[in-house]
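>>> Quick check, what structure comes out for this input:
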Amino acid sequence: MIINSVRSFTLKFLMISLIFFGCNNNKQSQLPDPEWFDIDYSGENHISQKMDIYLPKNKKKKHPPVIVIYGSGWSSNNKKFSDYQKKVFVKPLSEKGFATIAINHRSSNLDSVFPAQIHDVKAVIRFIRARHNDFNLDTSFIGIAGYSSGGHLAALAGTSSYSKLLKGNVGNYLNYENHVNAVVDFYGPTDLNVFYDCPITKGKALTIEQKTRVFGKVEDISETFELANPINYIDKDTPPFLIIHGEKDKVVPVCQSKLLHEALLKNNIESELILKEDGDHNGNTLMPYQTTIMANFFYNQYNKQL
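Numbers count the residues shown, from 1 in each chain. This is a model prediction of the structure:
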């Protein structure tokens, strides 16, 4: 009974969306426009499997791409950039010469339960690797970043880069590689099995229906947690990580990032953990200053391999 209550408590926080990011008052005209809009990366022509590509001003050269994944508690299938996200992500990445790949993925309660979401992310990686010449991309380096549930998917894509377990069969380029070269995780869940060991806020437990929306049948939840944990896939081929988390986060407890950071270091994987003392689970942990650090991290990692 205690374990079931804890898991209900856990999932309450995992499904909370980052609604704050859509509340910025900047006008659309002030924001960058995508070079390519609503690209169908799956071949299914569904809104949940489309992406936009933003290029830096210098379009004469090829640009390394960074995939950016929104947070929504895995529940949104069409949030590939709010106005605020465009400003916060595209600007610093463009200034460092990166193309920004803003993606949608299937919703856990509108389309398909996990692992559909990570299958979509892997399909994007394969698509841009296969079609890089069409979009002026330098895919010798692919970065990936996300926040909240998007941070979870970015971390999972990074640690499972060479795992066939989560490859899926989405899209037309299954023979291409799924790996990425660097990961930035903004406060994403990393080990769902020990989520309840972290300090969390009070809240109502999720219903069986709500649990099922994200991870499928409740009786299979522990097995699915194991499949969904980025921390379980860390090996010698895991790429470098930058992890950023607010110490006052009451949705995804900060210990989730600490656990991932420690596991990466234990396996001799480069990892940097930045804890924001007054950061919680909204915009004050994902401010332009933090995403500038993100862009610098990707820039340094890209130049290391030149």
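>>> pLDDT averaged over stretch 93-111 - what is it?
Regarding stretch 93-111, the rounded mean pLDDT is 90.
>>> Just the CA atoms of that stretch, as PDB, please.
Extracted as PDB, the C-alpha positions of stretch 93-111 are listed here (Å, rounded to 0.1, in the frame of the first residue of the first chain):
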ATOM      1  CA  LEU A  93      22.100  28.800 -30.100                       C
ATOM      2  CA  SER A  94      22.100  30.900 -33.200                       C
ATOM      3  CA  GLU A  95      24.700  33.200 -31.800                       C
ATOM      4  CA  LYS A  96      27.000  30.200 -31.400                       C
ATOM      5  CA  GLY A  97      26.400  29.000 -34.900                       C
ATOM      6  CA  PHE A  98      23.900  26.200 -34.200                       C
ATOM      7  CA  ALA A  99      20.700  25.300 -36.000                       C
ATOM      8  CA  THR A 100      17.800  24.800 -33.600                       C
ATOM      9  CA  ILE A 101      15.500  21.800 -34.300                       C
ATOM     10  CA  ALA A 102      12.200  22.300 -32.500                       C
ATOM     11  CA  ILE A 103      10.300  19.100 -32.400                       C
ATOM     12  CA  ASN A 104       6.900  17.800 -31.500                       C
ATOM     13  CA  HIS A 105       6.400  14.200 -30.200                       C
ATOM     14  CA  ARG A 106       3.400  12.100 -29.600                       C
ATOM     15  CA  SER A 107       1.400  12.800 -26.500                       C
ATOM     16  CA  SER A 108       1.000  10.100 -23.800                       C
ATOM     17  CA  ASN A 109      -2.700  10.900 -23.300                       C
ATOM     18  CA  LEU A 110      -3.700  11.900 -26.900                       C
ATOM     19  CA  ASP A 111      -1.600   9.500 -29.100                       C
END
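>>> Would you mark the buried spots in it?
93-94, 96-109, 111 (16 or more other C-beta atoms under 10 Å). C-beta: built from backbone N, CA, C; applies to glycine.
>>> With stretch 264-272 instead?
Applying 16+ other C-beta under 10 Å to stretch 264-272 flags L264, I269, S271 as buried.
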